[in-house]
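Undergrad: Any chance you can model this:
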Amino acid sequence: MSDRETITALLEAVKLHVPFDGWSAAAFEAAVAESGVAPGVAEAVCPRGAVDLALAYHAEGDELMLERLTATDLSEMRFRDRVAFAVRARLEAVEDRELVQRGVTLFALPQYAGDGAKAIWGTCDKIWVALGDTSEDVNWYTKRATLSGVYSSTVLYWLGDDSPGYQATWDFLDRRIDDVMQFEKVKAQVRDNKVLSQVFAGPLKILDKVRAPQASGRHDMPGQWRGE
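TA: This is a model prediction of the structure:
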């Protein structure tokens, strides 16, 4: 059994226990016992136990989202609607909200906050790549940072949404994306306005030096600084 197959077996087993025990040591031990994976092998592929399975669960949702994006014709959609569709597809990939709720609780802990932030950043990076983003400058960061905020706030809203078909969540998502579009419009106006571009000439020159990470490290937040 490969490492991926082992993690898949553990993940399927742990999903039954997370709603009751959270992404905890107890849930991990139960998953090991029920999956038939040897304890030593389980610890080797998941050295942090349930934390690693929680991250694997998040990655599984990303894969399902990408499958849906690939299978959907987005060509007739406005770009802002493509982004909204991608975020919605990511949330609709979740089979049990309680698993996400428990994950939010886990990654709110200081020792795991970095893991949670990286997972969200990775999701947003996958969305932008799937939608054809080719930016290599500071926009690579601002797009992902902004979408991370939209995605995170939408997840929190969705977790408490009892409206039919989660319509309140999709309306909330549309409002957040409209806010982002307004921000992007202001950015463009600053660059296109001769007076404003002169006022912000220094900061804009600095930002122009920022470069996206190399392809081999696309999910890492640090980028490259292009010197004179």
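
Undergrad: Touching stretch 32-41 from outside, list them.
TA: With Cβ atoms under 8 Å, 6 or more residues apart in numbering as the test, stretch 32-41 has contacts from 1, 6, 9-10, 12-13, 16, 42. Backbone N, C-alpha and C define where each C-beta goes, glycine included.

Undergrad: That stretch: how far from the chain's middle?
TA: Centroid separation for stretch 32-41 versus its chain: 29 Å, with Cα atoms, centre = their mean, to the nearest Å.

Undergrad: Next: stretch 68-82.
TA: 18 Å.

Undergrad: And that stretch, end to end?
TA: 12 Å (Cα to Cα, to the nearest Å).

Undergrad: ok, residues contacting it?
TA: The contact list for stretch 68-82 (Cβ under 8 Å, 6+ apart) reads 85-86, 89, 92-93, 127, 130-131, 177-178, 181.

Undergrad: buried subset of those?
TA: The neighbour count (16 or more other Cβ atoms under 10 Å) marks 85-86, 89, 93, 127, 130, 177 as buried among the contacts of stretch 68-82.

Undergrad: could you dump the residues you listed to JSON lines with secondary structure, distance to residue 139 and pLDDT?
TA: JSON lines is the format used below for the buried ones among the contacts of stretch 68-82 (DSSP: H, G, I helix; E, B strand; the rest coil; distance: Cβ to Cβ, whole Å; pLDDT from 0 to 100):
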{"residue": "85", "secondary structure": "helix", "distance to residue 139": "21", "pLDDT": "97"}
{"residue": "86", "secondary structure": "helix", "distance to residue 139": "18", "pLDDT": "97"}
{"residue": "89", "secondary structure": "helix", "distance to residue 139": "23", "pLDDT": "98"}
{"residue": "93", "secondary structure": "coil", "distance to residue 139": "27", "pLDDT": "97"}
{"residue": "127", "secondary structure": "helix", "distance to residue 139": "15", "pLDDT": "96"}
{"residue": "130", "secondary structure": "helix", "distance to residue 139": "17", "pLDDT": "96"}
{"residue": "177", "secondary structure": "helix", "distance to residue 139": "17", "pLDDT": "93"}
